[in-house]
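Undergrad: Predicted coordinates and the sequence they were generated for:
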Amino acid sequence: MIEDKRWKGVYSFDDSPYLMEVLTELRDKETDSIAFRKGLVKLGRFMGYEIIKTMETEKVKVETPLEETEGIIVKDRRNVVIVTVLRAAVPLMEGLVKVFEHARIGIVSASRGKAPKFEIEMNYIKIPQITPEDTVIIADPMIATGSTLLRVIEEVKKYGTPKRIIVLGVLAAPEGITRIKEKFPEVEIFVTKIDRELNDKGYILPGLGDAGDRAFGAP
Ligand code: URA
């Protein structure tokens, strides 16, 4: 996990050969929907483990069948709300819940309109009440213009003030990260890799194409 020098609290995983290999498979245009979904599940799971490394732990005593010893619990792991941005984040969420099995789940549908405005349409919003102990993980694979996430973060904040808000993505464009950090500097961003730029249609380059279409085989 590497903190990017351009922003505070923005991490990528260029130092993880495993995550880079999974990403390579996702980028490959020959990868079919089944393998693409599996790849997203893997990234959700393994990036979830990376997030755990940043969470508070507490020492506890544990009785083995033979004697008492010391162990730990990751306290914050029990207070997680995962907000899934339909539709491409569904497989990412599947990976995340393997790590955060206690998580309460929010679902929002937010989609980008057409160029040049890319206005955000939010048709479905179900988010659980959020407490000050909670870590909210907003799962959205592609952080492109950042417009969707700006709307989703605004919405999340209506349900309470969490300890942390984390955006978990697969690829991000620098433009999108900058917009999110300008409006919400406290939001942390964990992304497999930060790509070069956006094209004029709002796609990330080199990217992986449309994550929802590729995961579900339906444009
Ligand atoms: N959403 C996608 O699925 N892909 C992109 O490149 C940008 C936004």
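TA: Right, received. Where do you want to start? Residues are numbered from 1 along each chain as shown.
Undergrad: Just want the phi and psi numbers for Val80.
TA: Dihedral pair for Val80: phi -120, psi 140, per degrees, to the nearest 10.
Undergrad: For Glu175, see how far away it is.
TA: Relative to Glu175, Val80 is positioned 29 Å away (Cβ to Cβ, to the nearest Å). Yep, even glycine has a C-beta here, placed from its N, CA and C like the rest.
Undergrad: neighbour-wise, which of those two wins?
TA: Val80 (27 against 15; other Cβ atoms under 10 Å).
Undergrad: which residues sit in contact with the more buried one?
TA: Contacts for Val80 (Cβ atoms under 8 Å, 6 or more residues apart in numbering) come out as 100, 102-104, 134-137.
Undergrad: Stretch 182-198 close to the ligand?
TA: No: using Cβ under 6 Å from any ligand atom, stretch 182-198 never reaches the ligand; the gap is at least 7.6 Å.
Undergrad: Buried residues of that stretch, list them for me.
TA: Going by neighbour count (16 or more other Cβ atoms under 10 Å), the buried part of stretch 182-198 is 184, 187-195, 198.
Undergrad: Count the residues that sit near Ile143.
TA: Per other Cβ under 10 Å, the neighbour tally for Ile143 reads 26.
Undergrad: who does it bridge with?
TA: Per DSSP bridges, the residues bridged to Ile143 are Ala172.
Undergrad: Pretty sure it sits against Ile177.
TA: Yes: with contact defined as Cβ atoms under 8 Å, Ile143 reaches Ile177; the gap is 6.4 Å.
Undergrad: Overlap in contacts, those two.
TA: 189, 191.
Undergrad: Quick check: bridge partners of the most centrally placed residue in the chain?
TA: The chain has Leu168 as the residue nearest its centroid, 1.6 Å off, counting by Cα atoms, centre = their mean. In this entry, Leu168 is beta-bridged to Ala139, Phe190, by DSSP bridges.
Undergrad: Closest to the ligand out of the contacts of Val80?
TA: Nearest to the ligand, judged by Cβ to the nearest ligand atom, of these is Ile137 at 18.8 Å.
Undergrad: and the stretch of helix or strand that closest one belongs to, does that touch the ligand?
TA: Element membership of Ile137, judged by DSSP states H and E, is strand 135-139. No: Strand 135-139 is not in contact with the ligand by Cβ under 6 Å from any ligand atom; minimum separation 13.4 Å.
Undergrad: Now that strand - C-alpha only, CSV.
TA: Provided in CSV are the C-alpha atoms of strand 135-139 (Å, rounded to 0.1, in the frame of the first residue of the first chain):
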residue,chain,number,x,y,z
THR,A,135,-16.2,3.0,9.2
VAL,A,136,-18.1,3.6,6.0
ILE,A,137,-16.6,1.9,2.9
ILE,A,138,-18.1,3.2,-0.3
ALA,A,139,-17.4,0.6,-3.0
